[in-house]
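S.K.: next come a sequence and a model predicted from it.
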Amino acid sequence: MPIITRRSKKMLYAGLAGAGFMGVVLAGGFYFIQSDNVNRHEDETRKYQLRIEALEEAQIGDLKSMRTAWVPREDIPAGHFIDSKDLQEIRLPLEASPDNLPTRKEDVAGKGVKIELRKGTPITLGMLFEEEVTPRDLRNREMKSIWLPSNLRQDNVVDIRIQFPTGQDYIILAKKRIDKLSNPAFWTTLSEQEILLFSSAMVDAYIHKASIYALTYVEPEMQEKAVPNYPPNQEVIQLIKSDPNIVQRAEQQLETSVRTALDRDLSKVSPNEPIPFVRQDESSYNQGTQDFDTWTSGNYTASNTDDSLTTSPSSATEETGADERKDRSDEMKDILGK
C-alpha cells in the first residue's frame, strides 16, 4: 500500500510537472503568437496611417493646384442677368481650367450672359457683360412712328435708322432693347440727348418725307453697339426751338402713316376667314419693314397724299411727293420767318 501510494505520488508529480511544462510551452506560444499579431497589427496600422497621410497630402496638393469655378444650377438664357442663388461653386484642375475663370461669387452675380449657359457649365469672364449704370436722364419712351420688322419680338435689340428719298441712310439710335411690344408701337428707354436727336429726326422726316425704321441685331450680346451717325440739321434744330409743337405734329403724322398702312392690310382680311399668306411685296405695311435683302429707297415713296411722312409703297407720283415736300419746306420757312 505505501509502495502504490509512493508510485501514485510520483506519477502525479510527473503529470503535474508535464502539465505545467505544457502550460508554460502553450503560454509561451500563445504569447509569441499574440505578440506577433500585435506587432503585425501595429505595422499595418502604421502603414495605413502613412497611406492616409500621403493621400491627405496629395489631396491638399491637388486642392492647391485646383481653381474655384462657378456653374449655373439651371439653364440661363442669353441676355439674362445672373442671381447669386443661381450659382454653385466647384473646383477644377489647374491644367484643365481656363485662365479667365472668376474666383469670387461677386464677380459673376449681377452680370448678364452673352450666350445661353447650360446647367453645370463653368462660367468664364468672357461669357459675361456688365449692365451699364442707369443714367439720371434715362426715360421710358413709347415709339409709334417707326416701321418695324414683321418678326420683331419683345426683348429684341434694334437700331433706329432714317432713310431719305435720296437713298441716304443714317443711324439715329443704336442698340435699343424692345422692353414692351404692341405692334405698331413699342417701348424703350432714351436719354435726354437721344430724345432730342429722335425729335430732330422726326421733324426731318416730316419735312423731307423720309422714313424711320428699325433693324434688329442678330446676336446683340456678342455684337458691338453701332455708332449713331445721323447729323441733326441746324435748321431743324432752329425749327424745333421756334415751334416746339412741330415735333408733336411730325410724330402724329408718322404714327398716322404707319397705322394707316397697317389698317389697310388688316381690312383685307375677313374676320371669318383664315389669314392668308401675304407676300412681302404685296403688303403696304410690311413694305415699310423690309429686311436687308429687299430694302430700297423705292419702298418709301408716298402711297397717297394722306401718308405725309413715313411712306408705304409707291403709288403716288413724284410730282405729288415734291409738292408735299415743298409744303413742308414752306411751313418751316414761315415758322423761321424766312
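M.R.: Done, it's in.
S.K.: and residue 135, helix, strand or coil?
M.R.: In three-state terms, and counting by DSSP: H, G, I helix; E, B strand; the rest coil, residue 135 is coil.
S.K.: low-confidence stretches in this structure?
M.R.: 1-7, 61-64, 132-133, 236-237, 239-247, 254-255, 258-259, 261-263, 265-338 (pLDDT under 70).
S.K.: and the lengthiest strand in the chain, C-alpha only, in CSV?
M.R.: The longest strand of the chain (DSSP state E) is strand 169-177. C-alpha atoms of strand 169-177 as CSV (Å, rounded to 0.1, in the frame of the first residue of the first chain):
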residue,chain,number,x,y,z
ASP,A,169,-29.4,106.3,-94.6
TYR,A,170,-28.3,107.2,-91.1
ILE,A,171,-28.4,105.6,-87.6
ILE,A,172,-30.4,107.7,-85.2
LEU,A,173,-30.5,105.4,-82.1
ALA,A,174,-28.3,102.4,-81.5
LYS,A,175,-28.9,99.1,-79.7
LYS,A,176,-32.2,99.9,-78.1
ARG,A,177,-34.0,97.0,-76.4
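S.K.: what residues does that strand touch?
M.R.: Contacts with strand 169-177, where a contact means Cβ atoms under 8 Å, 6 or more residues apart in numbering, come from 155-163, 188-190, 194, 197-198, 201, 212, 217, 220, 225-231. For every residue, glycine as well, the C-beta is placed using N, CA and C.
S.K.: residue 25: helix or strand, and which one exactly?
M.R.: Taking DSSP states H and E as the criterion, residue 25 maps to helix 2-64.
S.K.: ignore the last one, residue 214
M.R.: Counting by DSSP H and E, residue 214 is part of strand 211-216.
S.K.: rewinding a little: so in that sheet, which strands flank the longest strand of the chain, and in what orientation?
M.R.: Using DSSP bridges, strand 169-177 pairs in its sheet with strand 157-163 (antiparallel).
S.K.: all strands for the stretch 51-200 of the chain, in order.
M.R.: Per DSSP state E, counting those that start in this stretch, the stretch 51-200 of the chain carries strands over the ranges 66-72, 87-93, 112-113, 128-129, 139-143, 157-163, 169-177, 180-182, 185-190.
S.K.: what comes up buried for the fifth one?
M.R.: For strand 139-143, a neighbour-count test (16 or more other Cβ atoms under 10 Å) marks 141, 143 as buried.
S.K.: packing partners of it?
M.R.: strand 185-190, helix 192-208 (3 or more Cβ pairs under 8 Å, 6 or more residues apart in numbering; DSSP states H and E).
S.K.: coming back round to it: packing partners for the strand holding residue 214?
M.R.: The contact analysis (3+ Cβ pairs under 8 Å, 6+ apart) places strand 211-216 against strand 157-163, helix 192-208.
S.K.: at 6 Å instead, please
M.R.: Packing partners of strand 211-216 (3 or more Cβ pairs under 6 Å, 6 or more residues apart in numbering; DSSP states H and E): strand 157-163.
S.K.: name the residues that touch the strand it packs on?
M.R.: The contact list for strand 157-163, computed with Cβ atoms under 6 Å, 6 or more residues apart in numbering, reads 169-177, 201, 210-217, 220, 226.
S.K.: buried subset of those residues as a ChimeraX selection?
M.R.: Selection of the buried residues among the contacts of strand 157-163 in ChimeraX, burial being defined by 16+ other Cβ under 10 Å:
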select :169,171,172,173,174,175,176,177,201,210,211,212,213,214,215,216,217,220
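S.K.: so what's the residue count around residue 56?
M.R.: By the criterion of other Cβ atoms under 10 Å, residue 56 has 10 neighbours.
S.K.: that one and residue 49: what is the separation?
M.R.: Distance from residue 56 to residue 49, counting by Cβ to Cβ, to the nearest Å: 10 Å.
S.K.: okay, stretch 79-87 in PDB with CA atoms only?
M.R.: In PDB, the C-alpha atoms belonging to stretch 79-87 read as follows (Å, rounded to 0.1, in the frame of the first residue of the first chain):
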ATOM      1  CA  GLY A  79     -29.100  88.300 -72.300                       C
ATOM      2  CA  HIS A  80     -30.400  87.500 -68.800                       C
ATOM      3  CA  PHE A  81     -28.700  88.600 -65.600                       C
ATOM      4  CA  ILE A  82     -27.300  86.000 -63.100                       C
ATOM      5  CA  ASP A  83     -28.600  86.000 -59.500                       C
ATOM      6  CA  SER A  84     -26.400  84.700 -56.700                       C
ATOM      7  CA  LYS A  85     -28.800  81.900 -55.900                       C
ATOM      8  CA  ASP A  86     -28.400  80.600 -59.500                       C
ATOM      9  CA  LEU A  87     -24.700  79.800 -58.800                       C
END
